[in-house]
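Asker: here's a sequence, model it:
(12 chains)
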There are 12 protein chains.
Amino acid sequence: MASSITAMSDHVYKKIELVGSSPRSIEEAVTNALTRAQKTIRNMRWLEVTETRAHIEDGQLAHWQVTVKVGFTLD
Amino acid sequence: MASSITAMSDHVYKKIELVGSSPRSIEEAVTNALTRAQKTIRNMRWLEVTETRAHIEDGQLAHWQVTVKVGFTLD
Amino acid sequence: MASSITAMSDHVYKKIELVGSSPRSIEEAVTNALTRAQKTIRNMRWLEVTETRAHIEDGQLAHWQVTVKVGFTLD
Amino acid sequence: MASSITAMSDHVYKKIELVGSSPRSIEEAVTNALTRAQKTIRNMRWLEVTETRAHIEDGQLAHWQVTVKVGFTLD
Amino acid sequence: MASSITAMSDHVYKKIELVGSSPRSIEEAVTNALTRAQKTIRNMRWLEVTETRAHIEDGQLAHWQVTVKVGFTLD
Amino acid sequence: MASSITAMSDHVYKKIELVGSSPRSIEEAVTNALTRAQKTIRNMRWLEVTETRAHIEDGQLAHWQVTVKVGFTLD
Amino acid sequence: MASSITAMSDHVYKKIELVGSSPRSIEEAVTNALTRAQKTIRNMRWLEVTETRAHIEDGQLAHWQVTVKVGFTLD
Amino acid sequence: MASSITAMSDHVYKKIELVGSSPRSIEEAVTNALTRAQKTIRNMRWLEVTETRAHIEDGQLAHWQVTVKVGFTLD
Amino acid sequence: MASSITAMSDHVYKKIELVGSSPRSIEEAVTNALTRAQKTIRNMRWLEVTETRAHIEDGQLAHWQVTVKVGFTLD
Amino acid sequence: MASSITAMSDHVYKKIELVGSSPRSIEEAVTNALTRAQKTIRNMRWLEVTETRAHIEDGQLAHWQVTVKVGFTLD
Amino acid sequence: MASSITAMSDHVYKKIELVGSSPRSIEEAVTNALTRAQKTIRNMRWLEVTETRAHIEDGQLAHWQVTVKVGFTLD
Amino acid sequence: MASSITAMSDHVYKKIELVGSSPRSIEEAVTNALTRAQKTIRNMRWLEVTETRAHIEDGQLAHWQVTVKVGFTLD
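Answerer: Predicted coordinates:
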């Protein structure tokens, strides 16, 4: 978790839970969630995948839906 | 998980964790949490019950306290 | 969690557990399982990844083996 | 876990996973799943609730979706 | 957990595990367990639902069996 | 989970946690715990194995230590 | 999981959940479940024990009830 | 779980997840997170520790990083 | 678990669940629970921390509440 | 958890994860793992069973595969 | 787990836990861990993904960090 | 997990599991494990507490035994 520099020992992080979607891959579902999150959140530091699901249509995987917890520094 | 329409494949959801209370039932504890949440959150889509507890007074169940994760669409 | 249309409130779903394989990716292992499943199952709606493993041969990852729970509507 | 009569010691059970829905209550979502299941399964003996979710529409809880494992005797 | 008054900071609680039954609802199964417990236990403070099961007879849900952990103050 | 007779729908059970030991087998460790428990507990109905450990001495397995939850009827 | 030969990389497996019983041992409860399952399922490959319980009568362990997930190849 | 006064039965709580740090102790990592949180959150009521980690530098424990869920009353 | 002497191979232990409190530390909350428990329980042998919570008042951590399972020898 | 003698309070243990096999029993699968481990590891003290699986051939249980964590003293 | 040939019934496996990294994909993070591991470990047989995380820099996913348990045969 | 510098994206870590002891505190039990580990392991980077237990003697907490997973860089 978090970084290797001493100054960080007094940081406080908040973790929020997001679900990103993508018709192509698990990775893209996650990065789509990050792209949306960075509109309003600064200083995101790490994420943890907590759930991987997909929606099926007409017998085909239509899109992945991946839940992540994203940790960011509180200023 | 989520809806059946293709347009949703690029949605991003956020999940928040709430605890609702009710002296009557587990269901009402959950809907009380939703009623409060919709004052400030639009586009709630689903919820997951993660914990069911109750407070006891004088040997009687006084009120249920039910924890839910609520997922809503980020615009 | 199913779809957004009201008519679905009286649906019953069944979930079965499958393991798909692929030498290339986690995603392909999952879609290989779906391709096989749709030969006999109609109305698949969603899946949940529950376990990700891989087989190793000669020090190389030979194929992924991904376990999914697949939910489908019972008519 | 099954019954108290000795004869059952050589029974084999199968467990299947179902998701029932109801706009009214968790209990009704479960019994709706059982009603559907008994069309094709005989000798159901017990169930275990494994997940409780709900679908939300217009800020209101639209219907509960409850996952159960149902155990039944294999003849 | 437990109450908001300072005096409680030196309390010790014990948690016991009970299973209550009811043909009608999950809530009633829990309160049936409490009714029985208060014959011998004073100062019950809270409970946590840890497992929800039901017994099935003739294709019908016969009674719910709900496991709770009950916390009470040790004098 | 308890028995198949209707009269049991109003029973309340208590579950306690025991650890039994045996140098020979997992099964004997469990039955040793039961033998001890029946000195003071009537109406034991079922058990659930929650943990299996063993103590090692001189590179040999010396005895199994198996944790069980035992459910019994409260009169 | 599964075998070491390359040809298996395109296999799809299904996992089903069974509960076997035996008055004698955990192992026999499992093999009793397998004996019953092989009447209708071909190509069983592996199993995973997910729950170990027992039924108690007259203060004695009457029979073990062991839940297994059984994986088999879909042709 | 919240307090013992009846009036609280209609409260709704929100739980957020924070990570606090401290070079000295697990307790201080938690209180550092609280100190930061109270700048913007009123009515915090309880917390649950969900993860305890530490960062290591030069073979020494450099600082603890403790994740907590904090529950607070929504007005 | 438990001790290294052969004689213990036929011991049976019981585990009970307690919650201790302290305004100062996690360790003290645990020892407060033990101090209370030893009034009535002999032969306590080990404990396992299963949950760590705290109560917050006026934005400050008021007291820790730590749940432990305590194992003791049944004579 | 380790032994009852005071001198052990400053011991450090390492836990490793092994999988043992046996065509006969769960217990023998575990002892086969121990027999192999003691060729290179001294001072093994306890083990915890973390997973029980079996390999099936021709509809028969061919051999058990049991995963254990083994704890041993670091000198 | 493991292979289908009878000779393997007396094998003992060891499982170690590794974390691999990659800026591109979950799969590559895993294969990077394997590439490193095969420098010193022979006879790796399978792996299980136990945790998927990522590091974020400047609002972008910088690299995946995937934890795997790798099983290999002890000679 | 791990550090913030780009160069680390191709690192591979190994995680080992240790149990440290201390009569005084959870923190000291962990640092005692680290002190022992650094005799043979270089480049330890982080740890995760996975289990907290204690040994009891004469009704007193004799020493804490804390299990940690320690991650270190493979060169």
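
Asker: isn't residue A:19 right up against residue A:67?
Answerer: Yes: between residue A:19 and residue A:67 a contact is recorded at 4.9 Å, counting by C-beta atoms under 8 Å. For glycine as for every other residue, the C-beta is placed from the backbone atoms N, C-alpha and C.

Asker: give me the common contacts of these two.
Answerer: By C-beta atoms under 8 Å, 6 or more residues apart in numbering or on different chains, residue A:19 and residue A:67 have these common neighbours: residue B:15.

Asker: between these two, which has more neighbouring residues?
Answerer: Between residue A:19 and residue A:67, counting by other C-beta atoms under 10 Å in any protein chain shown, residue A:19 is the more crowded of the two (26 against 22).

Asker: residues near residue A:75, how many?
Answerer: So residue A:75, with other C-beta under 10 Å, has 8 neighbours.

Asker: make that residue A:57, sorry
Answerer: 15.

Asker: swap in residue A:18?
Answerer: Using other C-beta under 10 Å: residue A:18 sits among 23 other residues.

Asker: then the one 4 residues further on?
Answerer: Residues near residue A:22, counting by other C-beta under 10 Å, number 20.

Asker: phi first, then psi, for it.
Answerer: In this entry, residue A:22 is assigned phi and psi values of phi -160, psi 140 (degrees, to the nearest 10).

Asker: is it in contact with residue A:29, as I believe?
Answerer: Yes: look at residue A:22 against residue A:29 with C-beta under 8 Å: they come within range, at 4.0 Å.

Asker: overlap in contacts, the two.
Answerer: With C-beta under 8 Å, 6+ apart as the test, residue A:22 and residue A:29 both reach A:63-64, A:66.

Asker: tell me the secondary structure at residue A:33.
Answerer: Classification of residue A:33 by DSSP: H, G, I helix; E, B strand; the rest coil places it in helix.

Asker: same question, the one 3 residues further on
Answerer: The three-state label given to residue A:36 by three-state DSSP is helix.

Asker: now it: how far from residue A:15?
Answerer: 16 Å (C-beta to C-beta, to the nearest Å).

Asker: contact partners for residue A:29?
Answerer: Contacts of residue A:29 (C-beta under 8 Å, 6+ apart): A:20-22, A:63-66.

Asker: out of these, the closest to residue L:55 would be?
Answerer: Closest to residue L:55 out of the contacts of residue A:29 is residue A:66 (42.7 Å), distances taken as C-beta to C-beta.

Asker: list the contacts for the closest one?
Answerer: Neighbour list for residue A:66: A:19-22, A:26, A:29-30, A:33, A:49, A:51-53 [criterion: C-beta under 8 Å, 6+ apart].

Asker: can you tell me which of those lies nearest to chain K?
Answerer: residue A:49 (4.0 Å; C-beta to the nearest C-beta).

Asker: what bridges to the nearest residue in space to the closest one that is not next to it in sequence?
Answerer: Closest residue to residue A:49 apart from its sequence neighbours, by C-beta to C-beta, 6 or more residues apart in numbering or on different chains: residue K:52 at 4.0 Å. Following DSSP bridges, residue K:52 is listed with bridge partners residue K:66.
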